[in-house]
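K.L.:
sequence unknown, structure follows:
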Ligand code: PHE
């Protein structure tokens, strides 16, 4: 009987050791310790063996069961650990942070044109100046030789601001008031460009916007002449537009310059682009800026930036510049 129990226990132990999964082990447990397991059957036989051997056999049987139970316990823990480990590997989530697809932006095409223009003039020795967008009627008009009632005022379609005396405050209609502020702020010689936003009461269409951009130039020095103005426009044209482009001045009229001219750019194919206005700074304007016209002379010019951007990038509608549709902006 003892031998039988020992053999059954050894077989049970071998079965436990060979269980490869928790499911196998469960099967082994019921096979080896369940109702029809060999050890269970042996226990039932106890009653039929001689009384003097029963005690020893009973003890051997209990030990055998305990041994199998404890082996089952060990094996269960081992298999459970292994299964958990392999499940962790199988179910592992890759939580490494993947940076979202960030799109780098770039400067708006008007800003690009604005900055390139600044660069060209800075390269020619100019400083960049600024003036307020909300301007006084005096800086925008009177100081520029456009007194109240002057017909030139009508050309500017002014947007007035409800501030101070009626008609005294406005959104600047051009960058020319920065000429006055530059002269008031510093002594000549003055070499500045002043890019910025300007405003006019206009209905938006392909070639007009109530908000647009200009760049103003002002030079005040000793003995400045019309030849310096023409030469400056020519150098600027070559540097900004590139080789093969040239410029010309056409007589025109502005109240703040005398003589005044319109300047055009000739493209390599011979066609002309009207760019802006220029001229020798009017003595009244020098005086308004606190500069003595007996000692100093100078020239000024001003032109739109937006149209340059349109031309450069082959866009045909000014409104595209302001709608800020990324699908449009992304192209440049
Ligand atoms: N301010 C003028 C305009 O807006 C342009 C200009 C500037 C003309 C400087 C002459 C000198 O039309």
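P.N.:
Right, received. Where do you want to start? Quick caveat: nothing in here was measured; it's all calculated off a predicted structure. Residues are numbered from 1 along each chain as shown.
K.L.:
How about the secondary structure of the residue of the stretch 151-300 of the chain found nearest the ligand?
P.N.:
Closest approach between the stretch 151-300 of the chain and the ligand, counting by C-beta to the nearest ligand atom: residue 277, at 2.8 Å. (Each C-beta comes from the backbone N, C-alpha and C, glycine too.) In three-state terms, and counting by DSSP: H, G, I helix; E, B strand; the rest coil, residue 277 is strand.
K.L.:
And it, what's its pLDDT?
P.N.:
You'll see residue 277 listed with a pLDDT of 98.
K.L.:
Write down the beta-bridge partners of it, one by one.
P.N.:
Per DSSP bridges, the residues bridged to residue 277 are residue 262, residue 302.
K.L.:
who touches it in this structure?
P.N.:
Residue 277 makes contact with 252, 254, 257, 260, 261, 262, 263, 301, 302, 303, according to C-beta atoms under 8 Å, 6 or more residues apart in numbering.
K.L.:
From those residues, keep the buried residues only.
P.N.:
254, 257, 260, 261, 262, 263, 301, 302, 303 (16 or more other C-beta atoms under 10 Å).
K.L.:
before we move on, the earlier item: for the ligand, tell me which of the contacts of residue 277 show up nearby.
P.N.:
Contacts with the ligand within the contacts of residue 277, counted by C-beta under 6 Å from any ligand atom: 254, 257, 301, 302.
K.L.:
Which residues lie in contact with the last one in this structure?
P.N.:
Under the criterion of C-beta under 8 Å, 6+ apart, the contact partners of residue 302 comprise 174, 175, 176, 214, 215, 216, 217, 276, 277, 278.
K.L.:
Between the residues you listed, which sits nearest residue 240?
P.N.:
Distance ranking of the contacts of residue 302 against residue 240, using C-beta to C-beta, places residue 215 first at 10.6 Å.
K.L.:
related to what we said a few turns ago, and the residue of the stretch 151-300 of the chain closest to the ligand, how far is that from residue 254?
P.N.:
Look at residue 277 and residue 254: by C-beta to C-beta, to the nearest Å, they are 6 Å apart.
K.L.:
what do the two both touch?
P.N.:
residue 260.
K.L.:
returning to that earlier point: now the buried ones among the contacts of residue 277 in CSV, with distance to residue 32 and pLDDT?
P.N.:
Formatted as CSV, the buried ones among the contacts of residue 277 follow (distance: C-beta to C-beta, whole Å; pLDDT from 0 to 100):
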residue, distance to residue 32, pLDDT
254, 110, 97
257, 111, 98
260, 113, 98
261, 111, 98
262, 108, 98
263, 106, 96
301, 104, 98
302, 102, 98
303, 99, 97
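K.L.:
Within range of the ligand, give me the residues from the stretch 151-300 of the chain.
P.N.:
The stretch 151-300 of the chain comes close to the ligand at residues 174, 176, 216, 254, 257, 276, 277, 278, 279, 300, as judged by C-beta under 6 Å from any ligand atom.
K.L.:
Of all pairs in those residues, which one is the farthest apart?
P.N.:
Using C-beta to C-beta, those reach their maximum pairwise distance at 174 and 279, which is 13.6 Å.
K.L.:
ok, for residue 216, nearest residue in space, not its chain neighbours?
P.N.:
residue 175 (3.7 Å; C-beta to C-beta, 6 or more residues apart in numbering).
K.L.:
For the one you found, grab phi and psi.
P.N.:
Phi and psi for residue 175, reported as degrees, to the nearest 10, are phi -90, psi 0.
K.L.:
ok, now which ones touch it?
P.N.:
Here residue 175 is in contact with 131, 194, 195, 196, 198, 214, 215, 216, 302 (C-beta under 8 Å, 6+ apart).
K.L.:
just how off-centre is stretch 173-183 within its chain?
P.N.:
Centroid separation between stretch 173-183 and its chain, computed with C-alpha atoms, centre = their mean, to the nearest Å, is 32 Å.
K.L.:
Do you have the strands of the chain handy? List them.
P.N.:
Under the criterion DSSP state E, the chain carries strands at the ranges 127-128, 134-136, 159-160, 169-171, 190-199, 211-221, 246-254, 257-266, 272-281, 297-304.
K.L.:
So residue 247 sits against residue 233, correct?
P.N.:
Yes. Using C-beta atoms under 8 Å, residue 247 is in contact with residue 233, at 4.8 Å.
K.L.:
So these two - more neighbours on which side?
P.N.:
Neighbour count, other C-beta atoms under 10 Å: between residue 247 and residue 233, residue 233 has more, with 24 against 21.
K.L.:
for the more buried one, what are its contacts?
P.N.:
247, 249, 263, 278, 301.
K.L.:
ok, now residue 16?
P.N.:
Residue 16 touches 25, 28, 32, 68, 71, 72, 75, counting by C-beta under 8 Å, 6+ apart.
K.L.:
Pick the one among those residues closest to the ligand.
P.N.:
The shortest approach to the ligand among the contacts of residue 16 belongs to residue 25, at 92.3 Å (C-beta to the nearest ligand atom).
K.L.:
okay, that closest one: pLDDT?
P.N.:
Per-residue pLDDT puts residue 25 at 85.
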